[in-house]
Each structure stands twice: as C-alpha cells, then as structure tokens.
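Sequence first, predicted coordinates after that:
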Protein chains: 2
Amino acid sequence: MPALPELPEATVARLPEYLRALHAIAETGHETVSSEGLANAAGVNSAKLRKDLSHLGSYGTRGVGYDVALLIEQIESVLGLTQCRSVALVGVGNLGHALAGYDGFASRGFRIAALLDADPSRVGEEINGLVVRHVDELPRVAVEESISIGVIATPAPAAQAVADQLVAVGVTSILNFAPCVLSVPEGVDVRKVDLAIELQILSFHEHRKASLTALPGGLAATDTQEAIGT
Amino acid sequence: MPALPELPEATVARLPEYLRALHAIAETGHETVSSEGLANAAGVNSAKLRKDLSHLGSYGTRGVGYDVALLIEQIESVLGLTQCRSVALVGVGNLGHALAGYDGFASRGFRIAALLDADPSRVGEEINGLVVRHVDELPRVAVEESISIGVIATPAPAAQAVADQLVAVGVTSILNFAPCVLSVPEGVDVRKVDLAIELQILSFHEHRKASLTALPGGLAATDTQEAIGT
DNA sequence: GCTTGTGAAGCACTTCACAGCA
DNA sequence: TGCTGTGAAGTGCTTCACAAGC
C-alpha cells in the first residue's frame, strides 16, 4: 500500500495542469525541465510549483531541474490515473452529446463506458460507437462496466434524482453540469461545472473595468488567468 | 457613477450561485429568505453567505431575512447583468455546437451573437438560427454586435491565435475551453474550463478513498461540494 | 426572539528568501 | 554556479461568536 501524501486541495487542483504541461514538454523532446520552465507552461509562478511538487516528494535535481518522464509518472500515480477509469454519462442532450464525443477524456485516461438517458426516444441512439441506454439500467451497467465516475448532464430538475441513482449503485464521484446543488451522503465527492457562472464572473470584471476607465485614475486593470479549482 | 465595492474574488465567484438560488426561491413564491435558507439553496454555510452579502451593503432585515427581489436586483447590478452581454463563440466543433445550443446562457443574461470557425467547410452552417462565419470576419462582427465576451472552443493548437485575434478587436474577457494556457496582455481576463481536469481531480479523491478503505482506520471520507471558482 | 452584520480568531494557501546540494 | 526544497513571513478567506436591531 503506497503512502498517502495528504496533499492540499489547491495543489491537487493544479496537478492536472502540470501533467498537461509536462506532456506538451515531453513532445518537444526535452528530458528535463526547470521549475521556471514548467511553471510558465502551466501558467503559475515557480515558487508555487516547487512547493506543490515538494508535497509529492523530492523528484527534482538541484542545479538541473525535474526529469519530465519521471514526474509524469509520479503525478499520474498520485492522481490515480495509472488505471483507466470508466465514466457513465447521464443525459445525452446538447451538452451530453458534446461530452460523449470529446476526445480529451480518452486521451487523459478516462473511458466513457456508458451513455444513459431518461427519455425513451433517445434510448437506442448510437453516439460515437456507444448505444444510449435507459437510465433505469444503471444498476446493471454500473457493475458490468465497473463505473468509477458519474457525469450528470441532465436538466437541473432531473439532476438530484440521477445523483441519488448513481449513489445507490455505489458511485462515489460525480461531475455535475446541471445548474443546481446536489445533496449527497458523506463520502461522495461532487464537483460542479456551471458554464453560465463562468460568464457571470467575467461579466463582473468587464463591468468593473468599464467603471474604472471612467474614474480619475483611469484604467487600473490586472490580468488574471485562473484555473478552475477548489 | 456607482461606488465600486471592491469585492473579494471568492465572493464574486459565489454571487452567481446565490443568484441562481434566489431565482429558484422566487419561483416558489417566497418574498424573503433567511441567510440559513439561502445558504442551503446555494450549497454554502450561512456565515459565509452573510459575510459575502455584507460586502454588497446591508440589504437584509434583522429578525426577518433578505428581500428576495431586492437581493436579485442588487446582485445582478453588481455583476453587471443589467445589460445583456453579447458573446462571440469561436470554434463550432463538438463542444462549440453544444455551447451554441445551450439555453442557460440566454436565460441568464447572455446572448450568443456570433459563431465563428476557421474551417471553411463549417462556414455557412446554421446552428440555432445563427450562421457560422469565418473567424477572419471577427473585426467586423465584433463591432456590429458589440461583442463583450469571447468564448474559445477550438482545439488547443488554435487557441492562442484566436485569443490574439479577440484581444486585437478589443475583447477583454475570454472564457477558454481549450486545454492550454493563454497569454494575454494586462487588462484582459481569462477564465479556463477544462473538463478533463475536473475528472482528474475526482480521480484523485477516488484513488484516495480506495486506499483509505484498505487502511486500519477504515473509511474516513468527507463529502465536498465545491463550486468552480478562483 | 430571531436574524443580520461584523470584529476577532483561525486556517489554508501563497510568496519570499535562502540554505542545501548537484 | 544554478536550481531545488523549505522554514518563515505574508495574505486572503473562512468560521466563530456575539452585539446590534427589527
């Protein structure tokens, strides 16, 4: 059994970004990278990057930098990506279709193993080689495909019921695209993505910038590139 | 000119969620709501909610709660949602299609005013009543439609060029779905949404939970429902 | 009596600055 | 000499606990 490093949440949320940057660097042929170089590629400052990586252990070489391949291995191991995880996607409307066809999942260690919907008229449809099944088949599908993560892409009113069903079949990680709060038992992790909320946050800054330009001091804006995270 | 309350980023990121919860409460017919009630609906604790709202000013009544309609008005005003903002969506692949058809934008004060793509074979296609135009037409479109926010839903290699074009035509707020870091001048805000990263964060917790169950102490999991934010 | 608004305390993350090591 | 790893300092957010007010 491996030791559990007890990582800060903020660090966990950045590791996937480091991983992406490392893969990009690996493709350029570099075998090592400095904290400065990797930090730039990931959009953070180097002190933060070094602190984050130090939580995983000492995988760098002073005076040289980090071994790209080794670091990829370590981060994938910490994130539990050494095994391919199976995802069940519930709700194949507009967004569900897009998610079902999104390459980014497969290329980063996830397999969409099942598509489900409550609407009988959608059941049977084939998307990207997968047939949509009725959501009531979830218990069977979850076992057959050893589902590890559930993705909810239904309208908001249906989301809680779907979450309950996912929890009932033993799913303990849920990614929720429906604009609503889900209540789940302790031990179940829910992450929420709300596209409209992102736009509203941008709207606030846009509004603030517009006000500032009219003020005596003039434009005093700052640029921020913030990753999604806790 | 209205006063600029200088809100904490963490508060700004939660205001849209409060707004959504308030609209839901308004539909049930309630005219006031306590901090406890609104906090539950928004998935936060009441102390945090009160602190957040206190930054906007005093719009509650002690012993009673908050006036739902008044609070909606205040939050919308702070977020700059009193005017409808026009969005240009670049990249109408899988994800772009879904975003173009997503109702949640229109219903929360955003109008998708233009669809653009670099692929000539996609130009001319009609999605949801909008015709896809070539990305080179961006300068004209930006002015004609007074674009306020740009959304990038292209593959990663194209994203930086698109961002540069958006910045060149005066867009200062960008929502980036491409899995890469964008570099933009000061004064331009970028928010990033990476669907695979969300899954990887869930994977970490799933991995950790699996390890814990094998440990002497048994399952010691916690549930977390985290909104996307800064 | 019930609920807001808020100073103060507590906590987590970020940044600094440099010792330690290749 | 150059870059990592890290204690210590700094910052911002969260939570507490209660006074203020309807």
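Looks like it arrived, so ask away.

touching chain B at all, stretch A:184-204?
Yes: using CB under 8 Å from any CB of the partner chain, stretch A:184-204 reaches chain B at A:184-204. Using the backbone N, CA and C atoms, a C-beta is placed for each residue, glycine as well.

Now for the residue of chain A found nearest DNA strand D: which residues touch it?
Nearest to DNA strand D, among the residues of chain A, is A:Gly60, at 2.9 Å (CB to the nearest atom of the strand). Contacts for A:Gly60 (CB atoms under 8 Å, 6 or more residues apart in numbering or on different chains) come out as A:35, A:50, A:53, A:66.

please redo it, this time with the cut-off set to 6 Å
A:Gly60 sits next to A:Tyr66 when contact means CB atoms under 6 Å, 6 or more residues apart in numbering or on different chains.

pLDDT score assigned to it?
Here, the pLDDT recorded for A:Gly60 equals 95.

In chain A, which strand is the longest?
For chain A, the strand with the greatest residue count under DSSP state E is strand A:110-117.

next helix or strand past that one?
strand A:126-127 (DSSP states H and E).

packing partners for the following helix or strand past that following strand?
Using DSSP H and E, the helix or strand that follows strand A:126-127 in sequence is strand A:130-134. Using 3 or more CB pairs under 6 Å, 6 or more residues apart in numbering or on different chains; DSSP states H and E, the elements in contact with strand A:130-134 are strand A:110-117.

repeat that with 10 Å
When contacts are defined as 3 or more CB pairs under 10 Å, 6 or more residues apart in numbering or on different chains; DSSP states H and E, strand A:130-134 packs onto strand A:85-90, helix A:94-100, strand A:110-117, helix A:138-144.

residue contacts, A:His55?
With contacts defined as CB atoms under 10 Å, 6 or more residues apart in numbering or on different chains, A:His55 is in contact with A:5-8, A:11-12, A:15, A:78.

one step back: select, out of the helices and strands packed on strand A:130-134, the one closest to B:Ala114.
helix A:94-100 (18.7 Å; CB to CB).

where does chain A come near DNA strand C, residue by residue?
By CB under 7 Å from any atom of the strand, the residues of chain A that approach DNA strand C are A:8-11, A:44-45, A:47-48, A:50-51, A:61-64, A:230.

ok, of the contacts of A:His55, which come out buried?
A:7, A:11-12, A:15, A:78 (16 or more other CB atoms under 10 Å in any protein chain shown).

Could you single out the nearest of those residues to B:Gly124?
Once CB to CB is applied, the member of the buried ones among the contacts of A:His55 that ends up nearest B:Gly124 is A:Leu15, at 42.2 Å.

what about the strands in chain A?
A:32-33, A:60-61, A:65-67, A:85-90, A:110-117, A:126-127, A:130-134, A:147-152, A:173-176, A:189-192, A:224-226.

A:Gly101 - how many residues pack around it?
A:Gly101 has 16 neighbours, counted by other CB atoms under 10 Å in any protein chain shown.

Pretty sure it sits against B:Ala98.
Yes: using CB atoms under 10 Å, A:Gly101 is in contact with B:Ala98, at 9.2 Å.

Can you check which residues contact both of those two?
Counting by CB under 10 Å, 6+ apart, nothing touches both A:Gly101 and B:Ala98.

from what I can see A:Ser86 touches A:Ser148, true?
Yes: using CB under 10 Å, A:Ser86 makes contact with A:Ser148 at a distance of 5.5 Å.

Which residue of these two possesses the greater neighbour count?
It is A:Ser148, of A:Ser86 and A:Ser148, that has more neighbours when counted by other CB under 10 Å, with 26 against 18.

Who are the contact partners of the closest residue to that one other than its chain neighbours?
Counting by CB to CB, 6 or more residues apart in numbering or on different chains, A:Ser148 lies nearest to A:Arg85, which is 4.2 Å off, once chain neighbours are set aside. Going by CB under 10 Å, 6+ apart, A:Arg85 touches A:105, A:109-111, A:113, A:146-149, A:173, B:199-200, B:202-203, B:206-207.

Next: A:Ile25.
Going by CB under 10 Å, 6+ apart, A:Ile25 touches A:31-33, A:37-38, A:41-42, A:66, A:68, A:71-72.

Can I get these in TSV including distance to DNA strand D and pLDDT?
Below are the contacts of A:Ile25 laid out as TSV (distance: CB to the nearest atom of the strand, whole Å; pLDDT from 0 to 100):
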residue	distance to DNA strand D	pLDDT
A:Glu31	13	97
A:Thr32	8	97
A:Val33	7	98
A:Gly37	7	98
A:Leu38	7	98
A:Ala41	12	98
A:Ala42	13	98
A:Tyr66	6	98
A:Val68	11	98
A:Leu71	9	98
A:Ile72	15	98
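
Find the pair from these with maximum spatial separation.
Most distant of those, by CB to CB, are A:Glu31 and A:Ala42, 18.0 Å apart.

Where do the domain boundaries of chain A fall?
Chain A breaks down by automatic domain parsing into domains covering A:9-79, A:85-195.

about what we covered before: of A:Glu31 and A:Ala42, give the one with the bigger neighbour count.
Each of A:Glu31 and A:Ala42 has its neighbours counted (other CB under 10 Å); A:Ala42 has more, 24 against 12.

what's near enough to touch the closest residue to that one other than its chain neighbours?
Spatial nearest neighbour of A:Ala42, chain neighbours left out: A:Ala21 (4.2 Å); criterion: CB to CB, 6+ apart. Residues in contact with A:Ala21 (CB under 10 Å, 6+ apart) are A:33, A:37-44, A:49, A:68, B:180-181.

Take those and keep only those in helices.
Among those, DSSP state H puts A:37-42, A:49, A:68 in helices.

circling back to that earlier point, pull up the gap between the residue nearest to A:Ser148 and A:Ala21, please.
According to CB to CB, to the nearest Å, A:Arg85 and A:Ala21 sit 22 Å apart.

now swap in A:Ala161 and tell me
Taking CB to CB as the measure, A:Ala161 falls 39 Å from A:Ala21.

now swap in A:Arg122 and tell me
Taken as CB to CB, the spacing of A:Arg122 relative to A:Ala21 amounts to 38 Å.

ok, A:Lys51 - contacts?
Here A:Lys51 is in contact with A:8, A:10-11, A:35 (CB under 10 Å, 6+ apart).

Among those residues, which one sits closest to B:Leu166?
Using CB to CB, the contacts of A:Lys51 come closest to B:Leu166 at A:Ala10, 29.0 Å.

For the closest one, give its distance to chain B.
With the distance defined as CB to the nearest CB, to the nearest Å, A:Ala10 ends up 11 Å from chain B.

My guess is that residue contacts A:Asp52. True?
Yes: here A:Ala10 lies in contact with A:Asp52, judged by CB under 10 Å, at a distance of 8.3 Å.

Specify which residue of those two has the higher count of neighbours.
A:Asp52 (23 against 12).

Would you mind giving me the confidence score for that one?
A:Asp52 carries a pLDDT value of 98.

just A:Ser173 next, same as before
Model confidence at A:Ser173, expressed as pLDDT, equals 98.

looking at it, it is touching A:Ala163, isn't it?
No: if you go by CB under 10 Å, A:Ser173 and A:Ala163 don't touch, sitting 11.4 Å apart.
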